[in-house]
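1. coords please:
(2 chains)
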Amino acid sequence: MRRRTPRAVVAGLGLAAALAVLTPVAANAVWSSTATAALGVEGAPFGMTSAAGPTGGSVLLDAAGGTSAQAEIGFLLGSLSGAPAWTDAVASVQVTSGAPSAGLAVSTAQSTSVATCGAPMSYTPGSPTTAVPLGSAGDGGQVLLCVRVSLTGLGPADAGQTVVVTVSGAAALGGWSATAPVIAGTLTIVDVAPPVVLEAVCTPTTDGWYVGWHDAVDFVLPDGEPYAPIHYVVTTDALVGGIPVKEFWGHDLAGNDGRPTLGANELGGLGLPDGPHTFTIAPAGGPYPIARFVATVSGDPWEPDVTCGGAG
Amino acid sequence: MPREPLLSDPLVRPSRRWPAAVLAAAAVVAAVAASQSSLAYWNAAEPTETLSIVSGTAALTVVAPSAAPGSLVFPGKTVSYGGGGFANTGDVPLTVTVLRTDADAFAAALVVKIGAAPSTRPCSPTETVPPGGTASLGRHVPGADYVMCASVSLGSTAVVGPGATTSVTLDFTGVQS
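-> Sure, this is the predicted structure:
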């Protein structure tokens, strides 16, 4: 027997359907209003600058007539004006020596308050390729990075050669990063001791002691060519103004046979005070190696006794 | 032969005089019709006072907060924005939500927080509004006047932003509630 759906159920379903249809109509009646606001945001500048320091971009590595030299060169690594201070920064230093046979030592120092690469900067040993963590700097602040280059065992061929120091910088602040333009400085080697081509020889004679020298080896020009100067000038720092003690002309000292001598009597009358004096023997006519020796004079200033003190 | 009454209902009592009454009524109707006068319906009218019905409004006004001049954002830095506000100037209570719609890479790297408080209380930005996301500023009755503040910070790992400018766009919607 088939059951018929009660009328109450049918009526209920109909009401529900009607409500389902009517509900969205009711939602449309909700009022609303909109407005927009904008927040302007500006990112800070961030960058790294590089410049030559107080030493300038070119300095001299003056061996002062010796075989070693030391000099400092400075660089300024800075932040942009208005920039926040970086939290991490490093300078990469690379030193390339044009005197490969010489010993090279590199040390670095830095400061945000000192404007010179001299004292009281405290140098830390490094290597020809070294990374230096930098102190913080912001809003145009700068870090002075000084690189000290020390050369030992310099030879005459090293004179005029250069040591190039290249510095690059990188800084970071969180995820931000910046690099500084690569900057380089040059150190030029000057006044290197000549090779030991002159030996002081003290020879007793019946006339007294003679100081002589001979060229133990040939002079060699930087390009490797032998050089035979014909004009030597002997001076001593005991005489103000570099007054020649003696000049030698026409001597071809190439080879080992030349033995020009400086007699004790030739030192007389020069007014040399008693004591050791450094004599310099220099070939005239160009920037050629020189030699030095030390002789001690004493006694009669007109005919002093001379004692060889060594050569250098 | 006289005709017999057709109705047998006792309530219907045929009378010998009804033809006369019927005739009289018909005469009255005919007279009225002939006079062309209206039916005897009486009425009276009194004008009512004018009744105006004015629709209410849902109105939300917003003043964007601003940062101090020269405020720059960088990784780890939070810039505060003040001096803003919003008001329910309509007639219905509104539930206010904020939708962030800025789109560029710099803006996307920014962490934006907003806050609102009655003008007598300090404002602190506590509601984070992520890029493309929303935040609620609660339900506000008509006449409510709130100060609004915000903060913008750049994540420490963000790589964008040096020297850049952008705008964080906040769309406020007040829905009757």
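2. confirm A:Glu266 sits in a strand?
-> No. Under DSSP: H, G, I helix; E, B strand; the rest coil, A:Glu266 falls outside any strand and is assigned helix.
3. per-residue pLDDT, the closest residue to it other than its chain neighbours?
-> Spatial nearest neighbour of A:Glu266, chain neighbours left out: A:Lys246 (5.7 Å); criterion: Cβ to Cβ, 6 or more residues apart in numbering or on different chains. Placement of C-beta: from N, CA and C, glycine included. Looking at A:Lys246, its pLDDT reads 75.
4. A:Lys246 touches A:Val234, doesn't it?
-> Yes. Counting by Cβ atoms under 8 Å, A:Lys246 does reach A:Val234; the two are 4.7 Å apart.
5. residue of chain A with the smallest distance to chain B?
-> Residue of chain A nearest chain B, by Cβ to the nearest Cβ: A:Gly174 (2.6 Å).
6. neighbours of that residue, how many?
-> A:Gly174 has 21 neighbours, counted by other Cβ atoms under 10 Å in any protein chain shown.
7. for it, list the residues it contacts.
-> If you count contacts by Cβ atoms under 8 Å, 6 or more residues apart in numbering or on different chains, A:Gly174 has them with A:87, B:74-76, B:154-158.
8. cool, and A:Pro273?
-> So A:Pro273 contacts A:238, A:297 (Cβ under 8 Å, 6+ apart).
9. helix or strand for it, which one?
-> For A:Pro273, there is no enclosing helix or strand under DSSP states H and E.
10. now do it, the pLDDT please.
-> 78.
11. what number of residues lie near residue 124?
-> Just so you know, I chose chain A. A count of nearby residues for A:Thr124, using other Cβ under 10 Å, gives 11.
12. sorry, should have said chain B
-> Per other Cβ under 10 Å, the neighbour tally for B:Ser124 reads 12.
13. measure it to A:Ala109 for me?
-> Distance of B:Ser124 to A:Ala109, given as Cβ to Cβ, to the nearest Å: 48 Å.
14. what of A:Pro156?
-> Where A:Ala109 is concerned, A:Pro156 sits at a distance of 31 Å (Cβ to Cβ).
15. so which residue of chain B comes closest to chain A?
-> Residue of chain B nearest chain A, by Cβ to the nearest Cβ: B:Pro75 (2.6 Å).
16. please name the residues that touch that residue.
-> A:173-176, B:154-158, B:161.
17. and the residue lying closest to it once chain neighbours are set aside, its phi and psi?
-> Spatially, and ignoring its direct neighbours in sequence, B:Pro75 is nearest to A:Gly174 (2.6 Å; Cβ to Cβ, 6+ apart). Taking degrees, to the nearest 10, you get phi 60, psi -130 for the backbone angles of A:Gly174.
18. also A:Ala137?
-> Taking degrees, to the nearest 10 as the convention, A:Ala137 sits at phi -150, psi 140.
19. where does the prediction get shaky in the chain?
-> Using chain A here. Low-confidence regions of chain A, defined by pLDDT under 70, span residues A:1-28, A:194-230, A:240-242, A:248-265, A:283-293, A:301, A:307-312.
20. hmm, no, I was thinking of chain B.
-> Where chain B drops to pLDDT under 70, the residues are B:1-41, B:48.
21. for it, which segments count as strands?
-> Taking DSSP state E as the test, the strands found in chain B are B:60-63, B:66-67, B:78-88, B:94-100, B:110-118, B:127-128, B:134-140, B:145-154, B:165-176.
22. can you give me the buried ones in the longest one?
-> For strand B:165-176, burial by neighbour count (16 or more other Cβ atoms under 10 Å in any protein chain shown) applies to B:166, B:168-170, B:172-176.
23. tell me what that strand is packed against?
-> Contacts defined by 3 or more Cβ pairs under 8 Å, 6 or more residues apart in numbering or on different chains; DSSP states H and E place strand B:165-176 against strand A:32-42, strand B:60-63, strand B:94-100, helix B:105-108, strand B:110-118.
24. A:Ser168: which of these is closest?
-> Closest of these to A:Ser168 is helix B:105-108, at 27.7 Å (criterion: Cβ to Cβ).
25. which residues does residue 140 contact?
-> The chain I'm using is chain A. A:78-83 are the contacts of A:Gly140 under Cβ under 8 Å, 6+ apart.
26. wrong one, chain B
-> Residues in contact with B:His140 (Cβ under 8 Å, 6+ apart) are B:88, B:93-96, B:146, B:174.
27. hey, what's it bridged with?
-> Beta bridges link B:His140 to B:Leu94, judged by DSSP bridges.
28. also B:Val79?
-> The partner list for B:Val79 in beta bridges (DSSP bridges) reads B:Val152.
29. who's in contact with it?
-> B:Val79 makes contacts with A:41, B:67, B:71-73, B:151-153, as judged by Cβ under 8 Å, 6+ apart.
30. okay, now the residue lying closest to A:Ser136 once chain neighbours are set aside: neighbour count?
-> Spatial nearest neighbour of A:Ser136, chain neighbours left out: A:Ala85 (4.7 Å); criterion: Cβ to Cβ, 6+ apart. Neighbours of A:Ala85 under the rule other Cβ under 10 Å: 15.
31. my read: A:Ala85 touches A:Gln142, true?
-> No. Contact criterion Cβ under 8 Å: A:Ala85 and A:Gln142 do not qualify, at 11.8 Å.
32. got any residues that touch both of the two?
-> Between them, A:Ala85 and A:Gln142 share these contacting residues under Cβ under 8 Å, 6+ apart: A:Ser79.
33. neighbours of residue 102, how many?
-> In the absence of a named chain, chain A is used. A:Ala102 has 24 neighbouring residues, counting by other Cβ under 10 Å.
34. you looked at the wrong chain, it should be chain B
-> Neighbours of B:Asp102 (other Cβ under 10 Å): 20.
35. out of the contacts of A:Gly174, grab the one that's most surrounded.
-> Counting by other Cβ under 10 Å, B:Leu154 has the largest number of neighbours within the contacts of A:Gly174, with 26 neighbours.
36. for A:Ser81, see how far away that residue is.
-> From B:Leu154 to A:Ser81 the distance is 20 Å (Cβ to Cβ).
37. follow-up on the earlier one: show the buried residues in the contacts of B:His140.
-> B:88, B:93-94, B:96, B:146, B:174.
38. so can I have JSON lines of the residues you listed showing distance to A:Ala99?
-> Below are the buried ones among the contacts of B:His140 laid out as JSON lines (distance: Cβ to Cβ, whole Å):
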{"residue": "B:Asn88", "distance to A:Ala99": "82"}
{"residue": "B:Pro93", "distance to A:Ala99": "86"}
{"residue": "B:Leu94", "distance to A:Ala99": "82"}
{"residue": "B:Val96", "distance to A:Ala99": "76"}
{"residue": "B:Tyr146", "distance to A:Ala99": "76"}
{"residue": "B:Gly174", "distance to A:Ala99": "80"}
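39. pick out the most distant pair among these.
-> B:Pro93 and B:Tyr146 (13.5 Å).
40. would CSV of the helices and strands packed on strand B:165-176 with distance to A:Ala295 be doable?
-> Output for the helices and strands packed on strand B:165-176, formatted as CSV (distance: least, Cβ to Cβ, whole Å):
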stretch, distance to A:Ala295
strand A:32-42, 76
strand B:60-63, 95
strand B:94-100, 91
helix B:105-108, 78
strand B:110-118, 81
